[in-house]
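Student: structure here, sequence nowhere to be found:
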């Protein structure tokens with residue numbers, strides 16, 4: 001599956017955008033585009049855009065973002081569920097990963113406040129349902145984690161029909177966005193953004209990137225940041241990585257009450273601002289077709305109907321899929337490009353690109369300015385077997 005084959009056009013998020021927001025996602029190649037920026041970001045997904053924003057906020061200098069597709073966030077960044085839920089990762093991921101996600105959520109809220117609510121960050125809560133046999137893992141510590149008994153679950157979500165014998169954990173204080181609106185707003189603060197520009201090879205002299213070849217001519221940037229989803233060649237040598245397909249769907253609004261994001265091994269759903277419900281995404285690693293598969297969307301629908309029977313009469317309005325960049329071990333990368341003094345890389349964010357984007361961008365901007373790796377990125381290194389090592 002090539003990155004530019006990813007299907008997000010049918011995602012529910014585009015219908016909520018204004019005409020200026022749609023235009024921001026399709027900038028084309030601006031007139032007078034500088035080919036000698038202080039920072040060139042290759043990749044117009046949410047990681048690349050947030051990195052460009054953070055570099056500008058940090059005063060790194062002029063910034064240009066180039067994206068090979070005709071539209072920004074044309075891959076997973078524009079077709080995901082829009083969740084920013086770092087505390088949910090306390091159930092499965094290392095503490096440093098969770099801390100990075102929490103810092104990123106703080107930045108989402110800060111940027112949204114600074115830009116008068118243009119991003120539209122909304123607060124959410126998650127209701128995680130665990131099977132009776134396994135039960136929850138060791139519960140994280142913090143006021144946001146609240147174990148619930150059956151009576152409290154029914155009071156909180158009276159139309160929910162949980163699996164028999166389940167246990168429940170409420171996780172408060174999380175967030176969500178329309179990922180395409182997020183990208184449109186970031187693009188407006190990212191410097192100069194160009195779409196339909198394919199980056200080719202690079203020229204390195206004396207350990208320094210001196211040129212980046214593109215379909216509109218060579219760039220001679222001061223700094224290069226590769227934010228292309230997967231680790232690009234030649235640095236991908238030895239990196240075990242792939243695109244992992246995920247299916248999603250959305251329903252029409254209906255006469256039910258759902259105020260929590262509900263997640264379980266039998267299905268789930270997330271309330272949309274429109275009144276509909278979002279379901280997904282799945283992990284379909286063996287599926288490389290660009291189209292949604294009816295049997296998978298049917299299974300998502302059935303899971304939603306089991307947990308929230310009132311949705312059975314609601315039509316499915318959107319079915320889509322997207323491909324997430326995954327490095328083995330779900331290992332996101334924020335690192336220098338090997339054998340270069342002015343190149344950096346961010347890749348492999350899998351399902352957490354939207355969540356991690358502001359903190360990733362801020363860390364890269366700090367590293368570029370100071371020359372010192374931020375401590376919070378210490379575990380996000382490029383796998384050591386890469387680039388012939």
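Tutor: Sure, I can see it. This is a predicted model, so every value here is computed, not measured.
Student: residue ranges with poor pLDDT in the stretch 1-150 of the chain?
Tutor: The stretch 1-150 of the chain contains residues with pLDDT under 70 at 1-10, 134-137.
Student: now the helices for it?
Tutor: Assigned by DSSP state H, counting those that start in this stretch, the stretch 1-150 of the chain shows helices spanning 19-24, 46-57, 76-79, 95-114, 150-156.
Student: make CSV from those helices and add mean neighbour count and distance to residue 215 to it.
Tutor: The C-beta positions use only the backbone N, C-alpha and C, and glycine is treated the same way. Supplementary listing: those in CSV, determined by neighbours: other Cβ atoms under 10 Å; distance: least, Cβ to Cβ, whole Å:
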stretch, mean neighbour count, distance to residue 215
helix 19-24, 14, 22
helix 46-57, 28, 17
helix 76-79, 30, 21
helix 95-114, 18, 31
helix 150-156, 13, 53
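Student: redo those as a markdown table? Include distance to residue 128.
Tutor: Formatted as a markdown table, the helices of the stretch 1-150 of the chain follow (distance: least, Cβ to Cβ, whole Å):
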| stretch | distance to residue 128 |
| --- | --- |
| helix 19-24 | 32 |
| helix 46-57 | 25 |
| helix 76-79 | 23 |
| helix 95-114 | 15 |
| helix 150-156 | 11 |
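Student: thought residue 72 was touching residue 43?
Tutor: No: with contact defined as Cβ atoms under 8 Å, residue 72 does not reach residue 43; the gap is 9.9 Å.
Student: show me where the stretch 1-150 of the chain has its strands.
Tutor: 39-42, 63-67, 83-84, 122-130, 145-148 (DSSP state E, counting those that start in this stretch).
Student: select, out of those strands, the one closest to residue 219.
Tutor: strand 39-42 (5.3 Å; Cβ to Cβ).
Student: what lines up beside that closest one in the sheet?
Tutor: strand 63-67 (parallel), strand 223-229 (parallel) (DSSP bridges).
Student: that older thread, quick one, which of the strands of the stretch 1-150 of the chain is nearest to residue 163?
Tutor: strand 122-130 (6.5 Å).
Student: now do that closest one against helix 95-114, angle only.
Tutor: Angle of strand 122-130 versus helix 95-114, following axes from the mean of the first three to the mean of the last three Cα atoms, to 10 degrees, is 150 degrees.
Student: returning to that earlier point: want to throw the strands of the stretch 1-150 of the chain into TSV with mean neighbour count and distance to residue 275?
Tutor: Converted to TSV, those look like this (neighbours: other Cβ under 10 Å; distance: least, Cβ to Cβ, whole Å):
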stretch	mean neighbour count	distance to residue 275
strand 39-42	28	37
strand 63-67	27	33
strand 83-84	24	18
strand 122-130	19	14
strand 145-148	16	25
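Student: of all the ones you listed, which lies closest to residue 381?
Tutor: Residue 381 lies closest to strand 39-42 among the strands of the stretch 1-150 of the chain, at 19.9 Å (Cβ to Cβ).
Student: what comes into contact with that closest one?
Tutor: 48-49, 51-52, 55, 60-66, 190-191, 199, 212, 219, 221-228, 232, 368 (Cβ atoms under 8 Å, 6 or more residues apart in numbering).
Student: 7 Å - rerun?
Tutor: 48, 51-52, 55, 60-61, 63-66, 199, 212, 219, 221-228 (Cβ atoms under 7 Å, 6 or more residues apart in numbering).
Student: next, residue 300: secondary structure please.
Tutor: Under the three-state scheme (DSSP: H, G, I helix; E, B strand; the rest coil), residue 300 adopts helix.
Student: follow-up on the earlier one: wait, which of the helices of the stretch 1-150 of the chain is closest to residue 382?
Tutor: Minimum separation from residue 382 across the helices of the stretch 1-150 of the chain (Cβ to Cβ) falls at helix 46-57, 15.0 Å.
Student: angle of that closest one against strand 223-229?
Tutor: 150 degrees.
Student: just checking, what packs against helix 46-57?
Tutor: Helix 46-57 is packed against strand 39-42, strand 63-67, helix 179-187, strand 223-229, helix 353-370, with contacts defined by 3 or more Cβ pairs under 7 Å, 6 or more residues apart in numbering; DSSP states H and E.
Student: turn the ones you listed into CSV, columns for distance to residue 250.
Tutor: Converted to CSV, those look like this (distance: least, Cβ to Cβ, whole Å):
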stretch, distance to residue 250
strand 39-42, 31
strand 63-67, 25
helix 179-187, 13
strand 223-229, 24
helix 353-370, 17
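Student: among those, which comes closest to residue 272?
Tutor: Closest approach to residue 272 among the helices and strands packed on helix 46-57 (Cβ to Cβ): helix 179-187, 12.8 Å.
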